[in-house]
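A.B. asks: I would like the atomic coordinates for the input below:
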Amino acid sequence: MYKYGGYAGKYIRVDLSSGNIRVDETPLELVHKYLGGSGIGARILWDEVKPETDPLSPQNKIIIATGPVIGTLFPPSGRYAVISLSPLTNHWGEAHAGGAFGPELKYAGYDYIIIEGKAEKPVYLNIEDNLIELRDASHLWGKNTIETTDLICEELGDIDVKVACIGPAGENLVKYACIINDYYRAAGRTGMGTVFGSKKLKAIAVRGSGGLKPALPEEFMKFSQECFERHSSGEWADYIKKTSRTYGTTGLMDAMNAIGRLPTKNHYDGCYPEIDKVGSEAIRKHFRVDHKSCFGCAIQCKYISRIKEGKYANTQSEGPEYETVMAYTSNLLIPDPKIAIRANYLCNTYGMDTISSGASIAFAMECYEKGIINKSDTDGLELKWGDGEVTLKLVEMIANREGFGDLLAEGVYEAAKRIGKGSDSYAIEVNRLEASGQDGRSHKSAGLTYAINVRGADHLRSLCIIDELGFTNKAIERFPQYDTDIVCDLLNERYKGYMVADQEAIFAVCDSLITCKYGVMWPPIYYWEDYAHLIHILTGIDDYADVEETKRLGERISHLKRMFNIRL
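C.D. replies: The predicted model follows:
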């Protein structure tokens with residue numbers, strides 16, 4: 001039996017160049033120092049990927065990792081992480097997704113997978129407990145993510161197989177291609193699907209029949225139940241019901257617009273005048289048809305949307321999430337949720353990041369408006385703000401690398417570099433990663449988050465929102481040593497560094513356990529004491545019963561990722 005609780009105790013190493021597959025014990029020292037998830041991924045990448053590595057070369061490696069929480073009863077526990085050198089940014093690459101793929105990998109008996117080399121022809125990795133094999137995927141190459149998932153399930157004779165795969169965008173090496181699992185869940189940012197495509201790896205299929213055991217089962221069960229009750233009947237229950245469970249993340253459309261932080265017209269503004277047409281209630285009322293949940297989740301923010309009439313009638317997909325709605329409505333001045341739903345469907349089936357693709361289109365529209373590019377550059381397309389049809393056409397052109405779409409498939413940094421003429425002024429990115437749906441000008445801690453983030457313009461590695469959205473009492477509670485009025489002032493820079501550093505460290509712990517950011521960010525249900533207790537009773541690592549040692553764990557992981565970037 002493995003020494004620490006919550007772990008499967010083994011990992012898989014796959015060399016696609018030779019076809020060799022090896023299974024080893026998960027190193028105890030690695031677990032003790034980096035826990036799991038992106039923490040373990042950071043150490044592996046640091047040790048095994050040299051600074052001069054081309055992200056699309058066989059020498060790059062990609063790690064699919066779970067954490068000790070995954071597959072347990074702690075809410076939520078259904079995520080996994082993908083870590084590699086990013087082909088979009090040439091820096092630290094990391095993406096997470098929910099659903100049931102991560103737990104299934106643990107039940108099959110594995111904490112993580114290291115993939116290296118490049119296959120001669122398309123393959124997929126099939127894992128069924130002790131059976132691990134590479135199978136031919138030539139017949140799957142060119143298929144979208146839904147078709148790929150269905151065909152693999154049919155081929156393996158089991159509709160319950162958990163599949164993580166790429167679509168045509170990953171095959172075509174669109175720099176922000178993503179990995180899709182469970183049909184609709186995306187490991188979306190930094191081009192992890194592009195790395196799959198470069199290695200001719202079409203998919204990973206997993207079936208598992210094992211189980212997991214916490215170090216202190218009774219205490220773990222008690223704490224997990226307590227945490228479920230925090231979500232369902234505690235002080236946050238009513239808040240969760242009225243926001244996340246009712247609207248999903250689209251509730252942020254209204255919230256961000258109200259405080260001037262909703263990206264509008266390629267981040268030119270922070271408020272969208274037609275928010276009522278694209279806000280959370282409009283989507284819930286006219287398009288939502290079903291409710292979904294990730295594995296072991298008490299919040300249940302997922303939903304299914306369907307276009308019921310018109311040109312795109314019967315288009316159905318999970319979501320769209322806030323970031324997707326923002327990217328394909330306010331940031332493009334498109335006052336029609338149907339375009340966001342259709343774009344979400346296309347991006348999911350092609351396997352492409354909605355944030356980066358939408359941002360690339362917004363960049364192109366502003367360049368067109370400014371006269372930097374014209375119809376001769378865009379294959380005759382007139383790129384006007386608010387044109388949903390042209391937007392959807394560009395989504396397909398990007399995924400297939402057709403015409404002008406081939407340029408936008410490189411991301412805004414590289415596109416601006418090739419276009420020149422001052423177009424870089426309209427490329428909204430940090431460290432080559434397109435900005436997500438948080439306008440840092442209206443919230444100083446958000447701006448600082450973008451500036452120091454190892455992924456780039458990203459809200460999921462250190463964004464501190466406890467000084468806004470009605471959580472100011474938590475800011476005061478967590479930072480009592482600072483002046484209350486200043487701590488809760490969105491535009492006052494003082495103390496924001498302390499708050500962002502604290503959030504960066506706790507997010508690093510979350511991403512290594514791995515848990516969803518709901519509960520630690522929005523709403524702020526969990527804090528350091530909770531995670532220290534959780535790690536101790538789940539894993540049995542005594543060091544992390546101490547809150548300060550758990551903080552040092554988060555800092556160690558964050559610093560290692562930053563060191564990886566500095567070394568490049």
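A.B. asks: how many other residues sit next to residue 46?
C.D. replies: Counted by other Cβ atoms under 10 Å, the residues lying close to residue 46 total 13. Every residue, glycine included, has its C-beta placed from N, CA and C.
A.B. asks: cool, and residue 119?
C.D. replies: 21.
A.B. asks: what's the pLDDT at it?
C.D. replies: The model reports residue 119 with a pLDDT of 99.
A.B. asks: what about it, which helix or strand?
C.D. replies: Counting by DSSP states H and E, no helix or strand carries residue 119.
A.B. asks: just checking, it touches residue 135?
C.D. replies: No - counting by Cβ atoms under 8 Å, residue 119 stays clear of residue 135, with 10.9 Å between them.
A.B. asks: outline the domain layout of the protein.
C.D. replies: The record's domain parsing of the chain by automatic domain parsing lists 10-207, 236-427, 440-567.
A.B. asks: can you redo those domains as CSV with distance to residue 221?
C.D. replies: Output for the domains of the chain, formatted as CSV (distance: least, Cβ to Cβ, whole Å):
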stretch, distance to residue 221
domain 10-207, 7
domain 236-427, 13
domain 440-567, 9
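A.B. asks: ranking those by burial, who's on top?
C.D. replies: Mean neighbour count (mean count of other Cβ atoms under 10 Å) peaks for domain 10-207 among the domains of the chain, with a mean of 22.
A.B. asks: so how far is it from its chain's centroid?
C.D. replies: Domain 10-207 sits 14 Å away from the centroid of its parent chain (Cα atoms, centre = their mean, to the nearest Å).
A.B. asks: show the end-to-end separation of that domain, please.
C.D. replies: 16 Å (Cα to Cα, to the nearest Å).
A.B. asks: repeat for stretch 417-434
C.D. replies: 14 Å.
A.B. asks: lowest-confidence stretch among the domains of the chain?
C.D. replies: domain 440-567 - the lowest mean pLDDT of the domains of the chain, at a mean of 89.
A.B. asks: so the closest residue to residue 198 other than its chain neighbours, which state does it fall into?
C.D. replies: Nearest non-adjacent residue to residue 198, counting by Cβ to Cβ, 6 or more residues apart in numbering: residue 56, 4.1 Å away. What DSSP: H, G, I helix; E, B strand; the rest coil gives for residue 56 is coil.
A.B. asks: mind checking how far residue 56 is from residue 199?
C.D. replies: 9 Å (Cβ to Cβ, to the nearest Å).
A.B. asks: what residues are up against residue 232?
C.D. replies: Contacts of residue 232 were listed using Cβ atoms under 8 Å, 6 or more residues apart in numbering, and they are residue 298.
A.B. asks: and it, backbone torsions?
C.D. replies: Main-chain torsions, residue 232, degrees, to the nearest 10: phi -100, psi -30.
A.B. asks: mind checking how far it is from residue 18?
C.D. replies: 50 Å.
A.B. asks: likewise for residue 393?
C.D. replies: 42 Å.
A.B. asks: what segments of the stretch 401-550 of the chain are strands?
C.D. replies: 429-430, 433-434 (DSSP state E, counting those that start in this stretch).
A.B. asks: got it, and the stretch 51-200 of the chain?
C.D. replies: 62-65, 80-85, 92-97, 112-116, 123-128, 131-136, 162-165, 179-181, 185-187.
A.B. asks: which among the strands of the stretch 401-550 of the chain is found nearest to residue 465?
C.D. replies: With Cβ to Cβ, the closest approach to residue 465 among the strands of the stretch 401-550 of the chain belongs to strand 429-430: 18.4 Å.
A.B. asks: roughly how far is that closest one from the heart of the chain?
C.D. replies: 17 Å.
A.B. asks: just the residues contacting the longest helix belonging to the chain, thanks.
C.D. replies: Counting by DSSP state H, the longest helix found in the chain is helix 547-567. For helix 547-567, the surrounding residues in contact (Cβ under 8 Å, 6+ apart) are 33-35, 38-39, 42-43, 45-46, 51, 91-92, 94, 431, 454, 504-509, 511-512, 528-529, 531-532, 535, 543-544.
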